[in-house]
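Engineer: Starting from these lines, generate the structure:
(chains A and B)
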Amino acid sequence: NAGVTQTPKFQVLKTGQSMTLQCAQDMNHEYMSWYRQDPGMGLRLIHYSVGAGITDQGEVPNGYNVSRSTTEDFPLRLLSAAPSQTSVYFCASSYSSGETDTQYFGPGTRLTVL
Amino acid sequence: LAKTTQPISMDSYEGQEVNITCSHNNIATNDYITWYQQFPSQGPRFIIQGYKTKVTNEVASLFIPADRKSSTLSLPRVSLSDTAVYYCLGSGGSSYKLIFGSGTRLLVRP
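Structural biologist: A predicted model of the protein is given here:
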């Protein structure tokens, strides 16, 4: 299994540009999430999905859109990039086991907005 | 989801045992305590999880007292490769929306 994969690894955008960060998992996990991590800080939840066709907002959803058309993919769209969105973005997946809260994280996408 | 408080940073030396304590005074009855490890330029990685008493795996031990208002992650005989940020989280089965604090930066010196 490849686990959770993210593309691209690095991206530089100009203010106002839009782009999509890709995330895919091959573990058949029902749950997927997007986080951002600013320098020296912990991760903050942007959006999450509990299954195909079901998404919801996290702590910091403004400026981002998501959709979940398949179990495997959970892309994150930046509508109009701003310098405040410069960050490292992590995608994660998990499943419901009734007890454990283990999320599997991707390697991250480092985004710079000029 | 429980708010957690942990030290900002800790220093240790190779071969020592490291104990990182996390405070979670308002933990809910159905919350588990989970610890993640994050190396620079990588996503967090699950280390250990527990509800009460003691849990041990090949990486660490987790001690949770009866009142569950705190927990301690114990790393036996640390090496340089254990230098990382360690996050303590309280969560109630909602694995898709974990709340991360700032974590504890552990530096292991030779």
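
Engineer: what about the residue in chain B that chain A sits nearest to, distance to residue A:5?
Structural biologist: Nearest to chain A in chain B, going by C-beta to the nearest C-beta, is residue B:43, at a distance of 2.8 Å. The C-beta positions use only the backbone N, C-alpha and C, and glycine is treated the same way. Using C-beta to C-beta, to the nearest Å, residue B:43 is found at 11 Å from residue A:5.

Engineer: Please say which of those two ends up with more neighbours.
Structural biologist: Set residue B:43 next to residue A:5 and count neighbours by other C-beta atoms under 10 Å in any protein chain shown: residue B:43 wins out with 23 against 14.

Engineer: wouldn't that one be in contact with residue A:90 here?
Structural biologist: Yes: between residue B:43 and residue A:90 there is a contact at 4.7 Å, judged by C-beta atoms under 8 Å.

Engineer: overlap in contacts of these two?
Structural biologist: A:105-106, A:108 (C-beta atoms under 8 Å, 6 or more residues apart in numbering or on different chains).

Engineer: now the spatially most central residue of chain A: how far from chain B?
Structural biologist: Centroid-nearest residue in chain A: residue A:34, 2.8 Å away (criterion: C-alpha atoms, centre = their mean). From residue A:34 across to chain B, the span is 10 Å (C-beta to the nearest C-beta, to the nearest Å).

Engineer: May I have the strands that pair with the strand or helix carrying residue A:88, each with its orientation?
Structural biologist: In the assignment (DSSP states H and E), residue A:88 maps to strand A:87-94. Applying DSSP bridges, strand A:87-94 is found paired with strand A:31-37 (antiparallel), strand A:104-105 (antiparallel), strand A:109-113 (antiparallel).
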